[in-house]
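Q: Sequence first, predicted coordinates after that:
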Amino acid sequence: MTLRGQTKSALLKETHLGAVKLARADAPAHVIADTFLRFEGLARPYVIVTELGAGQRYDVGMHVALTRATLQTVVAATRAEIAADSRHERPTQAAHQPRFRLRGIPGLNPRSIG
């Protein structure tokens with residue numbers, strides 16, 4: 001899920017993440033790529049929030065993004081994006097080690113992300 005709008009998001013310009021086809025928020029697909037506005041009122045077991053930005057609706061976007069996951073939310077951000085929001089935990093040396101694996105998504109290689 002991106003906090004940027006549809007026209008500013010690099011994520012939404014992509015049709016695939018690695019070998020996995022991306023879909024919009026209202027599709028019954030496994031991997032969704034969409035804006036926080038289109039995701040409002042929907043839920044998924046896992047949500048990855050990216051492209052934080054610092055727009056006027058940042059607080060609203062983060063609230064929607066962080067409350068869409070039923071099991072786990074991961075925020076994927078640059079150091080600058082994390083530093084811009086004092087509510088995020090500061091990265092440590094341990095942050096460089098992967099703390100999760102993407103499982104159950106055929107064809108998705110976590111190394112192909114980014």
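A: Received, thanks.
Q: Only C-alpha atoms from now on, for both contacts and neighbour counts.
A: Fine.
Q: Report the separation between Ala23 and Leu17.
A: Using C-alpha to C-alpha, to the nearest Å, Ala23 is found at 10 Å from Leu17.
Q: mind listing the strands for this protein?
A: For the chain, the strands defined by DSSP state E occupy 16-17, 20-21, 44-49, 69-75.
Q: Given the second one, what are its sheet partners and their directions?
A: This means strand 20-21. Strand 20-21 pairs in its sheet with strand 16-17 (antiparallel), by DSSP bridges.
Q: mean confidence for the lengthiest helix in the chain?
A: Ranked by residue count, the top helix of the chain under DSSP state H comes out as helix 58-66. The average of the pLDDT scores along helix 58-66 is 84.
Q: elements contacting it?
A: helix 36-39, strand 44-49 (3 or more C-alpha pairs under 8 Å, 6 or more residues apart in numbering; DSSP states H and E).
Q: Low-confidence ranges, this protein, go.
A: Scanning the chain for pLDDT under 70 picks out 54-56, 86-114.
Q: measure Lys8 to Glu40 for me?
A: Where Glu40 is concerned, Lys8 sits at a distance of 19 Å (C-alpha to C-alpha).
Q: Provide a list of residues in contact with the most centrally placed residue in the chain.
A: Against the mean C-alpha coordinate of the chain, by C-alpha atoms, centre = their mean, the closest residue is Val49 at 2.4 Å. By C-alpha atoms under 8 Å, 6 or more residues apart in numbering, the contact list for Val49 reads 1-3, 65-66, 73-76.
Q: Is it bridged to anything, and to what?
A: Val75.
Q: Skip the chain neighbours and tell me the closest residue to Tyr58.
A: Leu3 (7.2 Å; C-alpha to C-alpha, 6 or more residues apart in numbering).
Q: just the angle between the longest helix of the chain and strand 69-75, please?
A: 130 degrees (axes from the mean of the first three to the mean of the last three C-alpha atoms, to 10 degrees).
Q: list the buried ones in helix 58-66?
A: For helix 58-66, the neighbour count (16 or more other C-alpha atoms under 10 Å) marks 61-62, 64-66 as buried.
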